[in-house]
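Colleague: for reference, the sequence and a predicted model appear below.
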Amino acid sequence: MEQSGDFIVFLGRFHPLFLHLPIGFLVLAVTLELASRTDKYVSLKPAVGFTLLLGAVSALVAAILGLMLAQDGGYSEDLLSLHKWLGIALVIFSFGAWILYEQKERRQTAQLKKAYAGSLVLMMVFLGGAGHYGGSLTHGTTYLTQNMPNGLRKLVGLPVNEGPKLITNLNEAEVFGDIIHPILETRCNSCHNESKKKGELQMHTVAALMKGGENGDVFVPGEPANSTMIQRVHLPEADEEHMPPKGKTQLTPEQIMLLEWWIGEGAPFDKKVAEVAKAAEIDAILQTLADPDANKTEVEILLAEGTLPPDLEKMNALKSKGVMIKSLSNDSNWLQVTIDKNLPVADLLAELAADFSEQVTWLDLKETPLADADLAAVSNFKHLTRLRLEKTPITDEAMDHLKGLNYLEFLNIYGSKVGDSGIEKLAGLRNLRRLYAWESDVTIAGAKQLEEKMAQLEVNLGFEVQVLDSLTVQVLPVGQTE
Amino acid sequence: MNLLQELQFRTLQRETRRHFLKQCAHGLGSIALGSLIGCGPTGSSEEMASAAMNSLAAKLPHFAPKAKRIIYLHMAGAPSQLELFDYKPELGKLDGKDCPPSLLEGKKFAFIQGVPKMLGPQAEFKPRGESGMMISDWLPHFSTMADDVTLIRTMHTDEFNHAPAQLLLQTGGSRLGRPSMGSWVTYGLGTDNENLPGFMVLVSGGNTPDAGKSVWGSGFLPSVYQGVQCRSEGDPVLYVSNPEGMSGKLRRSTIDAINKVNEKEYQEMGDPEILTRISQYEMSYRMQTSVPEVMDIKDEPAYIHDMYGTEPGKTSFANNCLLARRLVEQGVRFVQLFDWGWDTHGVSEGDSLEAGLRRKCLQVDRPMTALIKDLKQRGLLDETLVVWGGEFGRTPMQENRGGKVWPFKGRDHHTEAFPIWMAGGGVKGGYTHGETDEIGYYGIKDKVHVHDLQATIMQLLGMDHEKFTYFAQGRDFRLTDVAGKVVHKIIA
């Protein structure tokens, strides 16, 4: 009789659809009852009885469908029985309220009136209770409070939400307990938990995870590619089998890589991070669990932090003088500025330094007739990250003004008169990564010397072109030709 | 009563109900149709005018850009991945054997009929640079750049003919009417140099791409954003210089007068195309000096000409590469190069792999390598994105057009896997993205659709491709249509 079993579940699945009818009817009945006690709506009184009856009958149908759905299984027994009995109580009390209403209409005794009012109150309590636990069955018990503001959480006595917890000591952290479990908890457990086991699978405890679901094991230790969990997260999102299901928050690429790493390393439940091998890529992700900024440079952190809004009027004044000044993007107060070679660069630079010393982070002064002393104004831009000074007549002296630009990452002095003693002055700029010094007075030896002092710096001195034959040239970085 | 009023009055007296109904039949009908298909104006003319003004003003990117400018090198005709970037030794073993039916079932090819023979790689490959990226011997110069580029081997497209595939790649839709990538970008980000157009196009190889000038058209965007085609021979931009006998002063006052008339017309009609016309007159006047200056490569030193293999005065891909560098140096936002002649079917010596493709490689290898290196030494590569590729790939089978065995080696159009490389502008160096199967037929890991590529390019330029839309013909449009996922793995 497997066929009929399936048919019952088929009908049962109309329960979540149908249950909204009794909720609507019964709430309407109580609203009508209350409204009809005012003079204005007294004419609504005869409607109460009929609405109550409708509510009671639909509650009965919803309850029967609910019992059918319970055959489907996969629900927590405790939560289900609470929901079931509250629902049955609701059916009884809604019929009760209707009978009392009819009696009260015939014999207007004070006792009947009291009993009727009491039955309405209890009916609403059961309605709320059955509805709440039904919601918890479908969406998980934390569904309602998950996004509750912290102020309200304190009020109702729930633990305050502190955002993702950071790991304090990465090497001592447990691979499963501190890294893998939190991923499963946020992305899998809302459907695979103690009270709800979709596909006969629970993932809230180690034992449950090991047990697997109706499709067998969740993972094969050491073989991420053959593990159902990994296969499913890699399926296209539109695929029926994809996990987490379409519409739910998806795993990030980093989270998937961590899951693959954990299974690849034999899916250990008791090992610490220090005891498990990890590729550089995984290590970089793990670092972010201890410090979200771990893989970011100082400059990236600075730019992400943001800055004060610039004075728009003064910005427009500069624009009207021909300066290209604008934000890096729509959501940022950082400014990029280009001063054209035909503009009075010294004056404009002084003006810029007076009003926008905080915000300017990209500055382009290429081909301007800059004098060394004019760069004194540039030393005010303490958040400068990119500076273009190519093809300007500046010399070694000019570099003195850049010494304090601690965030400077990119400096272009190609085609200028700056030489080795000039770039030596840049040695203290801890964030400097790129220095373009082609066609300047910088020598190969000078560039090498600076690169030795600054591990992350790359000095570009341009390329040398050697014609090998009519079709072939050898173009090698200066200093690499034999 | 004056004469005109009297005339109107008389006319109205003669108009009967019959006249009215007769005119209604098509009059009202066409009005209704117009509003149904969304042609009619939806707001007041003032609203439309201000909307048009806003669309002409440069906007800011959604987030801080990795690349400020882009040079797109489009190899029109589709180069063969199997000779250049996708090393398939297994395919060599199958050379000359019949193609297995599993590769042909349910497939449509442009020319292949019946059962073709497999065709092994015609070029040798070697691992290059520290990254060991596999690059063909046919690109000896470019091989030195392996550690500076990201190579995507698993591009795929929906179209197997040149024109629709070029449109899909450059405009996001395979039919005519969509704005090109360059138009979108200049519409979104404006230009950094008001003396030059924000979107410039250079064509080499003897032909414009099969899809015609629509691949750099502005579609439904105001036409001020369409690509401006420059020539490296003769006048760089046609009809921009003054004709004989016309002085600069006279030209200026002519333009001033025309613009005044146009401004009046715009105030009355509110048509954004009038604004386009005004700004084009202004731009072309400024371009009279700025364009010849930037397009004259004679003043480049000899070693730069050696590096690119350029010859001033000729139309060549090499000259266009050098011009591209000069244009981005001047702040042009989007430089689009098209090089025609990559359609190696093998039905003649000229379009064979062994001769035609090798010749094309010789033409582009040195200049495209020089372009990257030259941008690098000027400190421009960090913020300039260079993209190279065709509109689709080529089959691992030898083409057998007309069921014949051709004397030359060639490959048919193939949509499932083709390569694109990118350099600079925030992409990784020495990184190979995606894997194809043993014969380079399908991508099997990290596939990248044309829309994904577009989404990624927009991302690098600071634009969220899903938020960057333009309202036209009754709905919002975007470059990536309703698809496209940013390929984060290639972003440094």
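Modeller: Received the coordinates, thanks.
Colleague: strands of the stretch 151-300 of chain B, start to end?
Modeller: B:199-204, B:228-230 (DSSP state E, counting those that start in this stretch).
Colleague: look at B:Ala57 and report its pLDDT.
Modeller: B:Ala57 is assigned 47 on the pLDDT scale.
Colleague: let me fix that, I meant to ask about B:Gly309.
Modeller: Reported pLDDT for B:Gly309: 94.
Colleague: which stretch in the strands of the stretch 151-300 of chain B is the model least sure about?
Modeller: Looking across the strands of the stretch 151-300 of chain B, the weakest by mean pLDDT turns out to be strand B:228-230, at a mean of 88.
Colleague: show me which residues of the stretch 351-492 of chain B are close to chain A?
Modeller: The stretch 351-492 of chain B comes close to chain A at residues B:362, B:366, B:369-370, B:373-374, B:376-379, B:382, B:462, B:488, as judged by Cβ under 8 Å from any Cβ of the partner chain. All C-beta atoms are positioned from the backbone trio N, CA, C, and that covers glycine.
Colleague: try 10 Å this time
Modeller: When proximity is defined by Cβ under 10 Å from any Cβ of the partner chain, the stretch 351-492 of chain B lies next to chain A at B:362, B:365-366, B:369-370, B:372-374, B:376-383, B:462-464, B:467, B:488-489.
Colleague: count the residues that sit near B:Pro367.
Modeller: 27 (other Cβ atoms under 10 Å in any protein chain shown).
Colleague: what helix or strand is residue 91 on?
Modeller: Using chain A. Applying DSSP states H and E as the criterion places A:Val91 in helix A:77-106.
Colleague: um, chain B though
Modeller: Per DSSP H and E: B:Leu91 is located in helix B:89-93.
Colleague: same for that helix, what does it pack against?
Modeller: Helices and strands in packing contact with helix B:89-93 are listed as strand B:393-398; criterion 3 or more Cβ pairs under 10 Å, 6 or more residues apart in numbering or on different chains; DSSP states H and E.
Colleague: tell me the mean pLDDT over the strand it packs on?
Modeller: 95.
Colleague: could you identify the helix or strand that succeeds it?
Modeller: Immediately after strand B:393-398, counting by DSSP H and E, sits strand B:411-414.
Colleague: look at the residue of the stretch 201-350 of chain A found nearest chain B and report its pLDDT.
Modeller: The stretch 201-350 of chain A approaches chain B most closely through A:Leu328 (4.2 Å), counting by Cβ to the nearest Cβ. On pLDDT, A:Leu328 comes in at 90.
Colleague: show me what contacts B:Met134?
Modeller: B:84-88, B:125-128, B:143, B:146, B:151, B:153, B:432 (Cβ atoms under 10 Å, 6 or more residues apart in numbering or on different chains).
Colleague: try 6 Å this time
Modeller: B:Met134 makes contact with B:87, B:125, B:127, according to Cβ atoms under 6 Å, 6 or more residues apart in numbering or on different chains.
Colleague: how much space between the residue lying closest to the second one once chain neighbours are set aside and B:Glu399?
Modeller: The spatially closest residue to B:Phe125, leaving aside those adjacent along the chain, is B:Tyr87, at 4.1 Å (Cβ to Cβ, 6 or more residues apart in numbering or on different chains). Computed as Cβ to Cβ, to the nearest Å, the B:Tyr87 to B:Glu399 distance reads 21 Å.
Colleague: between those two, who's got more neighbours?
Modeller: B:Glu399 (28 against 23).
Colleague: residues in contact with the more buried one?
Modeller: B:111, B:345-346, B:410-412.
Colleague: 8 Å instead?
Modeller: B:111-112, B:116, B:345-347, B:406, B:410-412 (Cβ atoms under 8 Å, 6 or more residues apart in numbering or on different chains).
Colleague: ok, now which ones touch the closest residue in space to B:Thr289 that isn't next to it in sequence?
Modeller: Leaving out its chain neighbours, the residue that sits closest to B:Thr289 by Cβ to Cβ, 6+ apart is B:Asn195, at 7.8 Å. Residues near B:Asn195 by Cβ under 8 Å, 6+ apart: B:286-287, B:289-290, B:330.
Colleague: just the buried members of those?
Modeller: B:287, B:290 (16 or more other Cβ atoms under 10 Å in any protein chain shown).
Colleague: find the nearest non-adjacent residue to residue 103, please.
Modeller: Reading this off chain A. Of all residues not flanking A:Gln103 in the chain, A:Leu112 sits nearest, at 5.5 Å (Cβ to Cβ, 6+ apart).
Colleague: nope, chain B
Modeller: B:Tyr441 (6.2 Å).
Colleague: what are the buried residues along the strand or helix carrying A:Val475?
Modeller: For A:Val475, the enclosing helix or strand under DSSP H and E is strand A:473-477. Buried residues in strand A:473-477, counted by 16+ other Cβ under 10 Å: A:473, A:475, A:477.
Colleague: Throw the residues you listed into CSV and include distance to chain B and pLDDT, thanks.
Modeller: Formatted as CSV, those follow (distance: Cβ to the nearest Cβ, whole Å; pLDDT from 0 to 100):
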residue, distance to chain B, pLDDT
A:Val473, 6, 91
A:Val475, 6, 92
A:Pro477, 9, 91
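Colleague: ok, the residues you listed vs B:Thr208, which is closest?
Modeller: Among the buried residues of strand A:473-477, A:Val473 lies closest to B:Thr208 (Cβ to Cβ), at 29.6 Å.
Colleague: isn't the closest one right up against B:Arg366?
Modeller: Yes: in this structure, A:Val473 is within contact of B:Arg366 by Cβ atoms under 8 Å, at 6.5 Å.
Colleague: list residues touching both of the two?
Modeller: Joint contacts of A:Val473 and B:Arg366 (Cβ under 8 Å, 6+ apart) are B:141, B:307, B:309.
Colleague: pretty sure the last one is touching B:Leu371, no?
Modeller: No: B:Gly309 is beyond contact range of B:Leu371, at 11.2 Å (criterion: Cβ under 8 Å).
Colleague: which one's more surrounded, those two?
Modeller: When neighbours are counted by other Cβ under 10 Å, B:Gly309 and B:Leu371 differ, and B:Leu371 comes out ahead with 29 against 26.
Colleague: helix or strand for the more buried one, which one?
Modeller: Following DSSP H and E, one finds B:Leu371 within helix B:358-377.
Colleague: counting by contacts, list what that helix packs against.
Modeller: strand A:463-467, strand A:473-477, strand B:69-76, helix B:302-308, helix B:317-329, strand B:334-340, strand B:384-389, strand B:418-424 (3 or more Cβ pairs under 8 Å, 6 or more residues apart in numbering or on different chains; DSSP states H and E).
Colleague: still on that earlier bit, can you tell me which of the contacts of B:Asn195 is closest to A:Lys248?
Modeller: Comparing the contacts of B:Asn195 against A:Lys248 with Cβ to Cβ places B:Gln330 closest, at 49.6 Å.
Colleague: got a list of what A:Leu461 touches?
Modeller: A:Leu461 neighbours (Cβ under 8 Å, 6+ apart): A:437-438, A:442, A:444, A:447, A:477-479, B:377.
Colleague: and the helix holding A:Val91, how far from the chain's centre?
Modeller: Chain-centre distance of helix A:77-106: 44 Å, with Cα atoms, centre = their mean, to the nearest Å.
Colleague: mind listing what's buried along it?
Modeller: A:79-80, A:82-84, A:86-98, A:100-101, A:104.
Colleague: got it, and stretch B:406-414?
Modeller: Quick answer for stretch B:406-414 (16+ other Cβ under 10 Å): B:406, B:408-414.
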